[in-house]
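In: 3D, please:
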Amino acid sequence: MSNVPRTRSNRHSSSPGGSSHGSVIRSAFRHGSYEEHRRHRRWTSRIRVLPVDGPASADPTVSVDDRDTLDRAFLRLTPQHRAVFVLHHYAGLPLVDIADIVGVPVGTVKSRLYHAIRSLRAAIVADSQVDSTEARPA
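Out: So this is what the prediction gives:
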């Protein structure tokens, strides 16, 4: 057996001075976990809570059913898609400002906005089809 003391760099190695495949995988996993934690921390620290008052004036044309449909559709969105959609359509912010707030490139904001709108439309259509089949007499 070798008299080489086991240090942090070669503790898991199969041969003195070399690195085993397992230590490389553990190191990559550990660094990936740290990066995921940093990314999550950046995302959560940049979210601002918007007031829940709604628009300044009440819209009498929107019925309770429409609001319920929109609420159910919004629940299907991821928090990232929901944030971009609300910042753009509710708060009226330009895409560049949204990118700064969320901390992602403008292209990612555009992609999230596109997918959010597509998901909302699909959810509303699916919800209306379910409602129309429930309304029919058997």
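In: show the average pLDDT along stretch 95-104.
Out: In this model, stretch 95-104 has an average pLDDT of 93.
In: what packs against the helix or strand containing Y114?
Out: Per DSSP states H and E, Y114 falls inside helix 106-135. With contacts taken as 3 or more C-beta pairs under 8 Å, 6 or more residues apart in numbering; DSSP states H and E, helix 106-135 sits against helix 64-75, helix 79-85, helix 95-102. Glycine gets a C-beta too; all of them are placed from N, C-alpha and C.
In: now tabulate these in CSV and tack on distance to V109 and mean neighbour count.
Out: Shown next, in CSV, are the helices and strands packed on helix 106-135 (distance: least, C-beta to C-beta, whole Å; neighbours: other C-beta atoms under 10 Å):
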stretch, distance to V109, mean neighbour count
helix 64-75, 18, 13
helix 79-85, 6, 19
helix 95-102, 5, 16
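In: sorry, back to before: the helix holding Y114 vs helix 95-102, what angle?
Out: 90 degrees (axes from the mean of the first three to the mean of the last three C-alpha atoms, to 10 degrees).
In: pull out the buried positions in helix 106-135.
Out: For helix 106-135, the neighbour count (16 or more other C-beta atoms under 10 Å) marks 109, 112-113, 115-117, 119-120, 123-124, 127 as buried.
In: closest to S33 out of the helices and strands packed on helix 106-135?
Out: helix 79-85 (20.1 Å; C-beta to C-beta).
In: coming back round to it: closest to S23 out of the helices and strands packed on helix 106-135?
Out: Per C-beta to C-beta, nearest to S23 of the helices and strands packed on helix 106-135: helix 79-85, 34.3 Å.
In: now for that closest one, which elements pack on it?
Out: With 3+ C-beta pairs under 8 Å, 6+ apart as the test, helix 79-85 has helix 95-102, helix 106-135 packed against it.
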